[in-house]
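> just coords:
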């Protein structure tokens, strides 16, 4: 009897060992796609910013399921369906994750299972709502501008600023609730790229995330970016540069420092830059006799020098110095200053120390007035 019992126990262990691992397990229901169509699972390769295939599943009776190898760390993953445009975004985690999908509304897929994807769903819902509000407000602002309704335009600008402040506060609150979730790293990257938070602010928040998350490729990319940004942060010596003027001569920052110097990054193709240019002209005319210098660095495209020069003339920018290598986003000076969005401004004191950055309109003018006084 004892031998029989041991055999039964051993057989049970074998059966248990052969059972599928249901840790990282995907399943879903999908309406509108016929049986036999494939579901492609991919994950984002943070080193190349591309998608790499992981596995595939086949739809049967309007459903699919697949058991995957348990992940070492979280990361962004995607579901794509044969014959359907769009992806479903989710976070890889060692959990059972289920999807409720309608092929005609891929972006509204409901995902359940796991704390990572719960946080991601909350974040994506916020981004959708924010984007819709900003799109609606832009339409209203264009209409007010066409009607030359200055009062309404100013009111809308104030409302837009309030939306941005609320977005900033919401993201900080979401981050504080998810310091051990992959979403926290996504939030920090978003804050940095959208410039809603300064590099020092993001660096401080980065120090609060778990060590587990710091080992993910996205977190390492974020850390590298933060370290590089130190070269162009407030309080740092402005990176020295020499670049060609429209006449082909070489202009250096060191030889053109004033009591206050603004290094302005812009381009003829950049609409927000062109909108800001009149404010820059007013600020220059107000303070040029007190020691304000401006050096504008253009990110115009190769072979489009004519558009660069035409924009300088149209926007009355001839009064100060201009440089450009005409290399678009590969502009060497922009890379030195870690510029990934324009317009971007750096305010330098007489010693070339960065004392402020990314100010516009009255904020820029007031800061320059304060420094010159």
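Yep, that arrived. These figures come from a predicted structure and were not determined experimentally.

> after the helix or strand bottoming out on mean pLDDT in the chain comes which helix or strand?
Ranked by mean pLDDT, DSSP states H and E, the helix or strand of the chain with the weakest confidence is helix 2-18, at a mean of 41. With elements assigned by DSSP states H and E, the helix or strand that comes after helix 2-18 is strand 25-31.

> contacts for that next one?
39, 41, 57, 59, 62-68, 79, 81, 95-103 (Cβ atoms under 8 Å, 6 or more residues apart in numbering). In this view, the C-beta of every residue, glycine as well, is placed from N, C-alpha and C.

> tilt between the next helix or strand after that strand and strand 25-31?
Per DSSP H and E, the first helix or strand lying C-terminal to strand 25-31 is strand 38-45. Counting by axes from the mean of the first three to the mean of the last three Cα atoms, to 10 degrees, strand 38-45 lies at 130 degrees to strand 25-31.

> strands paired with the helix or strand that strand 38-45 is followed by, and their directions?
Next helix or strand after strand 38-45 toward the C-terminus (DSSP H and E): strand 50-58. Sheet pairing of strand 50-58 (DSSP bridges) gives strand 38-45 (antiparallel).

> tell me which residues in the helix or strand encompassing residue 200 are buried?
Element membership of residue 200, judged by DSSP H and E, is helix 199-206. Of the residues in helix 199-206, 199, 202-203, 205-206 count as buried by neighbour count, 16 or more other Cβ atoms under 10 Å.

> got it, and stretch 28-38?
28, 30, 33, 37.

> before we move on, what about stretch 182-194?
182-192.

> which of those residues lies closest to residue 368?
Set against residue 368, the nearest of those by Cβ to Cβ is residue 192 (25.8 Å).

> Contacts only, for the closest one.
Contacts of residue 192 by Cβ under 8 Å, 6+ apart are 199, 202, 222, 225-226.

> Which residue in the residues you listed has the weakest pLDDT?
Comparing pLDDT over those, residue 199 scores lowest. The value there is 85.

> about what we covered before: take the buried residues of stretch 28-38 and write them to CSV, including distance to residue 234 and pLDDT.
CSV is the format used below for these (distance: Cβ to Cβ, whole Å; pLDDT from 0 to 100):
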residue, distance to residue 234, pLDDT
28, 48, 93
30, 50, 90
33, 53, 88
37, 54, 93
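
> Pick the one among the residues you listed closest to residue 85.
residue 33 (12.4 Å).

> so that closest one touches residue 103, yeah?
Yes. With contact defined as Cβ atoms under 8 Å, residue 33 counts as touching residue 103 (5.3 Å).

> what sits in contact with each of the two?
Common neighbours of residue 33 and residue 103 (Cβ under 8 Å, 6+ apart) are 81, 84.

> ok, back up a step: what's the next secondary structure element after the helix holding residue 200?
Sequence-wise, the next helix or strand downstream of helix 199-206 (DSSP H and E) is helix 211-214.

> any idea how far the spatially closest residue to residue 304 that is not a sequence neighbour is from residue 253?
Of all residues not flanking residue 304 in the chain, residue 326 sits nearest, at 6.8 Å (Cβ to Cβ, 6 or more residues apart in numbering). As judged by Cβ to Cβ, to the nearest Å, residue 326 and residue 253 stand 19 Å apart.

> more neighbours, the two?
residue 253 (23 against 18; other Cβ atoms under 10 Å).

> Contacts only, for that one.
238, 240-242, 261, 263, 295, 352.

> quick one: contacts for the residue lying closest to residue 83 once chain neighbours are set aside?
Leaving out its chain neighbours, the residue that sits closest to residue 83 by Cβ to Cβ, 6+ apart is residue 37, at 6.2 Å. Neighbouring residues of residue 37 by Cβ under 8 Å, 6+ apart: 58-59, 81-83.

> Residue 249 - how many residues pack around it?
Neighbour number of residue 249 under other Cβ under 10 Å is 8.

> for residue 108, same thing?
11.

> what's the answer for residue 64, then?
For residue 64, the neighbour count with other Cβ under 10 Å is 25.

> list the buried ones in the strand or helix carrying it?
Take DSSP H and E as the rule and residue 64 turns out to sit in strand 63-67. Neighbour counts over strand 63-67 (16+ other Cβ under 10 Å) mark 64, 66-67 as buried.
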